[in-house]
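Asks: Attaching a predicted model along with its sequence, questions to come.
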Amino acid sequence: MIRAGRQHLVRTLADIAAQQGIAVQTLLNSGRHQAEGFPAPLNAGRTRLYDGEQVDAHLAGLPLPELPAADADDDLLDRQEAAALCGVSPTVWDRRKKDPAVSEHLVTVAGVEHWPRRTVRDHTPAPRRHTASSGGGRPTGAGDQVPRDQLPARVEQLLDDDPTLTAAAVADSLGVHRNTAQAALTAARADRMADLMEQHGVTAAQAAAALGYPAGQTRRASVRAEAVLRGRQARPYLAAVTQALHAQGWTTTATPPAVQHPDDDLCVATLTLNTPTAPAPALVWSEQHGWRTATSRRHPLGQGAAWPPPGPDTRHLASGTTPAPADLVHALDHTG
């Protein structure tokens, strides 16, 4: 979080690189920002933020000054911190933050959304209204007209015809619920944006502009596009792990799993271990947490992308988020 009164001190990695007279890519390649003694980031998001006083002290070879320890009403909380304070998932917070009582207090710092602690703590969600229709698409309780497995291709067709396509238009055109339409449209835009980002090295905003997507409609797609890129970069690693498990005789397939994005901004994957000698029914990989076992072959991910604590039915495996396949095999061989 950004402690009260310290917003003006916030710096990004780009700021820190410029301060040292180097390109941000040079800073990232050097790993200086991960060296022992470098100030810890103020947040856990993709755009890492740092306290300027601590950065200055580190670069001068001085002890890092302590940040205020006491919580204050004017502390600025990011998406994950706001959700944690409310005891909800980040996805639920994404809905709550649209309430005018919350949105009017939005503070954007270096492109990262924050809200004052007071606003987050004191906000009471309005009761949900139960209406016959949610403003487009199918009435509440009615089934979707287009099967889920056909929906992506149908949305792709609509997006080909109209880059400014809205979720409401998808819902009306295909007879699906507004939430279903929004998720499918976000995924379609994100995949196309990720293609351009991967091929031409452009940003998400530049990709959206090149594709003719209105800036106001692509915030979620931009977040997901970045996750899609990270998922593509993880494919070789997941393939190597799958090969190692297949070589052990724990799975009958050597095909790597598809990367999923349950919360748009997260990469996860599941591997089914389907032989009698397998040490667990399934495995789950998260780019944030690494590997764990799962008790269900049909639904290994469970509810959303929540990461369960270790216990009798769940084992956290190896260390780090991308342990070597051999280390993962060794950890699994000693599970239980």
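Replies: Received the coordinates, thanks.
Asks: Can you name the next helix or strand after the longest helix seen in the chain?
Replies: If you go by DSSP state H, the chain has its longest helix at helix 219-247. Downstream of helix 219-247, the first helix or strand assigned by DSSP states H and E is strand 268-272.
Asks: Following the chain onward from that following strand, which element is next?
Replies: Assigned by DSSP H and E, the successor of strand 268-272 is strand 282-286.
Asks: Can you list the helices and strands that that next one packs against?
Replies: helix 219-247, strand 268-272, strand 290-294 (3 or more CB pairs under 8 Å, 6 or more residues apart in numbering; DSSP states H and E). Bear in mind the C-beta positions are built from the backbone N, C-alpha and C, glycine included.
Asks: Parallel or antiparallel, list what pairs with that strand.
Replies: Partners of strand 282-286 in the sheet, by DSSP bridges, are strand 268-272 (antiparallel), strand 290-294 (antiparallel).
Asks: three-state assignment of T321?
Replies: coil (DSSP: H, G, I helix; E, B strand; the rest coil).
Asks: contacting residues around the residue nearest to it when sequence neighbours are not counted?
Replies: Spatially, and ignoring its direct neighbours in sequence, T321 is nearest to G290 (4.5 Å; CB to CB, 6 or more residues apart in numbering). Neighbour list for G290: 316-323 [criterion: CB atoms under 8 Å, 6 or more residues apart in numbering].
Asks: change it to 10 Å
Replies: 284, 307, 316-323, 328 (CB atoms under 10 Å, 6 or more residues apart in numbering).
Asks: now the residues you listed as a markdown table including pLDDT?
Replies: A markdown table is the format used below for the contacts of G290 (pLDDT from 0 to 100):
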| residue | pLDDT |
| --- | --- |
| V284 | 95 |
| W307 | 86 |
| H316 | 93 |
| L317 | 93 |
| A318 | 88 |
| S319 | 87 |
| G320 | 91 |
| T321 | 94 |
| T322 | 95 |
| P323 | 95 |
| L328 | 95 |
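Asks: Give the buried subset of these as a PyMOL selection command.
Replies: In PyMOL syntax, the buried subset of those is picked out as below (16 or more other CB atoms under 10 Å):
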select buried, resi 284+316+317+318+322+323+328
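Asks: What is the nearest of the contacts of G290 to V107?
Replies: Using CB to CB, W307 is the member of these that lies nearest V107, at 28.4 Å.
Asks: just to revisit the earlier point, closest to A184 out of the helices and strands packed on strand 282-286?
Replies: helix 219-247 (11.4 Å).
Asks: And the closest one, what's buried?
Replies: In helix 219-247, counting by 16+ other CB under 10 Å, buried: 220-231, 234, 237-238, 240-242, 244-246.
Asks: about what we covered before: tell me which two in the contacts of G290 are the farthest apart.
Replies: Longest span within the contacts of G290, CB to CB: W307 and L328, 16.9 Å.
Asks: so what's the residue nearest the centre of the chain scoring on pLDDT?
Replies: Nearest to the mean C-alpha position of the chain, counting by CA atoms, centre = their mean, stands D265 at 1.9 Å. pLDDT, D265: 87.
Asks: what helices or strands is the lowest-mean-pLDDT helix or strand in the chain leaning on?
Replies: The helix or strand of the chain with the lowest confidence, counting by mean pLDDT, DSSP states H and E, is helix 90-96 at a mean of 80. Helix 90-96 is packed against helix 79-86, helix 100-103, strand 112-116, helix 219-247, with contacts defined by 3 or more CB pairs under 10 Å, 6 or more residues apart in numbering; DSSP states H and E.
Asks: contact partners of that helix?
Replies: Applying CB under 10 Å, 6+ apart, the set of residues contacting helix 90-96 from outside is 77-86, 88, 102-103, 113, 115, 120, 123-126, 219-220, 223, 262-266, 304-305.
Asks: If we use 7 Å, what do you get?
Replies: Residues from elsewhere that reach helix 90-96 (CB atoms under 7 Å, 6 or more residues apart in numbering): 79-80, 82-83, 86, 102, 123, 125, 263.
Asks: Also stretch 321-336?
Replies: 237, 240-241, 244, 248, 279-280, 287-291, 293, 315, 317-318.
Asks: Restricting to C-alpha, output that stretch in CSV.
Replies: Coordinates of the C-alpha atoms in stretch 321-336 are reproduced here as CSV (Å, rounded to 0.1, in the frame of the first residue of the first chain):
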residue,chain,number,x,y,z
THR,A,321,6.8,-20.7,-9.0
THR,A,322,8.7,-22.6,-11.7
PRO,A,323,10.7,-25.4,-10.1
ALA,A,324,12.7,-27.7,-12.3
PRO,A,325,10.6,-30.6,-13.6
ALA,A,326,13.0,-33.0,-11.8
ASP,A,327,12.5,-31.2,-8.5
LEU,A,328,8.7,-31.4,-9.0
VAL,A,329,8.9,-35.1,-9.7
HIS,A,330,11.0,-35.6,-6.6
ALA,A,331,8.5,-33.6,-4.5
LEU,A,332,5.6,-35.7,-5.8
ASP,A,333,7.5,-38.9,-5.3
HIS,A,334,7.7,-38.0,-1.6
THR,A,335,4.1,-36.7,-1.3
GLY,A,336,2.1,-38.3,1.5
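Asks: Pull out the buried positions in it.
Replies: 322-323, 325, 328-329, 331-332.
Asks: Please convert these to JSON lines, extending it with secondary structure.
Replies: Below are the buried residues of stretch 321-336 laid out as JSON lines (three-state DSSP):
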{"residue": "T322", "secondary structure": "coil"}
{"residue": "P323", "secondary structure": "coil"}
{"residue": "P325", "secondary structure": "helix"}
{"residue": "L328", "secondary structure": "helix"}
{"residue": "V329", "secondary structure": "helix"}
{"residue": "A331", "secondary structure": "helix"}
{"residue": "L332", "secondary structure": "helix"}
